[in-house]
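>>> fold the following.
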Amino acid sequence: MELVGLGDLEIAYERVGDGPLVVFVHGAAEDSRIWEPQLAGLADEFTVVAWDEPGAGRSSDLPAGFGLADFADGLAALLEALDLGPAHVAGLSWGGTVLLELYRRHPELVATLILIDTYAGWKGSLPAGEVEARVATVREMLAAPDEDFDPTVPGLFADDPPADVVSLLAAIADDVRPDTLAQELAIMAETDLSDLLPRIAVPTLLIWGHDDARSPLVVARQFDEAIPDSTLVVIERAGHMSSLERPERVNDAVRKFCRRHPPG
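Numbers count the residues shown, from 1 in each chain. This is a model prediction of the structure:
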């Protein structure tokens, strides 16, 4: 685990391997451990980095008022500190929304985008009624007593996840900071980056679980239609956590895509 500074914040990240840089950005209520299969599976060919976003894992707590632009700028600071040139950047769910904001603010740091089961913000990808329902669920979750707080949501997997995945997610859930979750999900509910999609000028890989109940395939189709140079890979028998549920398929898609589009 290494650290990079951003003002008073410390941002922690894992780094393995050698080669073109691929940076993985986790979703809400998660940390860098969610990318263990990618760190292990791609380090033979790439420099693989997975961050703990501010407010998660071993990174500093979120300052008050920390917004989507701040998450993107924190990720930009990490990319600049790595000093390996434009990167392949991959994000899952909320992490993909952070990547879109990174691209909007710092396009020079992005060689390609890899968007996995994600959103252009909830407001930008989901019907208004669904957003309202999710906000209500989040409020109920955050209002629970500490001993009953559970940041997991249903519909993350198409099949029953393996025992090792269950134990990994339980360990990650135990470390979730409610203040971080409240802040980032409030951001998701108000974010609409759909107008950015047609202006993306780098190759973009879309990886989606066929049975994703959180960001369904209709969202993937919206991304694919809007982004000029996009490739959609649908992972059969996978839900919202496709990179954990079918890691070999996801790693294979990432590897082939990054080989086809080496950083300039």
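>>> CA only for contacts and neighbour counts going forward, please
OK.
>>> how far away is Asp179 from Val138?
Asp179 sits 12 Å away from Val138, going by C-alpha to C-alpha, to the nearest Å.
>>> meant to ask about Ser230, not that
32 Å.
>>> and if you look at Pro162?
Relative to Val138, and taking C-alpha to C-alpha, Pro162 is found at 26 Å.
>>> who has more neighbours, those two?
Using other C-alpha atoms under 10 Å as the criterion, Pro162 and Val138 rank with Val138 on top: 17 against 10.
>>> which strands or helices does the helix or strand where the more buried one lies pack on?
Here Val138, judged by DSSP states H and E, is contained in helix 128-143. Other helices and strands packing on helix 128-143, by 3 or more C-alpha pairs under 8 Å, 6 or more residues apart in numbering; DSSP states H and E, are helix 178-190.
>>> which residues in this protein form strands?
2-6, 9-16, 21-25, 47-52, 87-92, 110-116, 204-209, 230-235 (DSSP state E).
>>> next, count neighbours for Asp224.
Asp224, neighbours per other C-alpha under 10 Å, totals 19.
>>> surely it is in contact with Val233?
No - using C-alpha atoms under 8 Å, Asp224 is not in contact with Val233; the gap is 10.2 Å.
>>> name the residues contacting each of the two.
Contact with both Asp224 and Val233 is made by residues Leu206, according to C-alpha atoms under 8 Å, 6 or more residues apart in numbering.
>>> low-confidence ranges in the stretch 101-250 of the chain?
146-151 (pLDDT under 70).
>>> mind running it again at 90?
137-156, 159-166, 170, 173 (pLDDT under 90).
>>> which ones are touching the closest residue to Gly264 other than its chain neighbours?
Distances taken as C-alpha to C-alpha, 6 or more residues apart in numbering place Ala111 nearest to Gly264, at 7.4 Å, with adjacent residues excluded. The neighbours of Ala111, taking C-alpha under 8 Å, 6+ apart as the test, are 86-89, 202-203, 262-264.
>>> quick check, nearest of the residues you listed to Ala133?
Val89 (30.3 Å; C-alpha to C-alpha).
>>> in the sheet, who's paired with the closest one?
Taking DSSP bridges as the rule, Val89 bridges to Val23, Leu113.
>>> per-residue confidence at it?
pLDDT, Val89: 98.
>>> how many neighbouring residues does it have?
Neighbour tally, Val89, other C-alpha under 10 Å: 25.
>>> if I look at it, how far off is His240?
Distance from Val89 to His240, by C-alpha to C-alpha: 18 Å.
>>> with Glu101 instead?
For Glu101, the distance to His240 - C-alpha to C-alpha - is 21 Å.
>>> those two: which is more packed in?
His240 (26 against 20).
>>> hang on, isn't that one packed against Ile207?
No - with contacts counted by C-alpha under 8 Å, His240 stays clear of Ile207, the gap being 10.2 Å.
>>> grab the nearest non-local neighbour of Gly5.
Leaving aside its chain neighbours, Gly5 sits nearest to Ile11 (6.2 Å; criterion: C-alpha to C-alpha, 6+ apart).
>>> how about the contacts made by the closest residue to Gly41 other than its chain neighbours?
Nearest residue to Gly41 in three dimensions, chain neighbours excluded: Asn251, at 6.8 Å (C-alpha to C-alpha, 6+ apart). By C-alpha under 8 Å, 6+ apart, the contact list for Asn251 reads 38, 41-42, 243.
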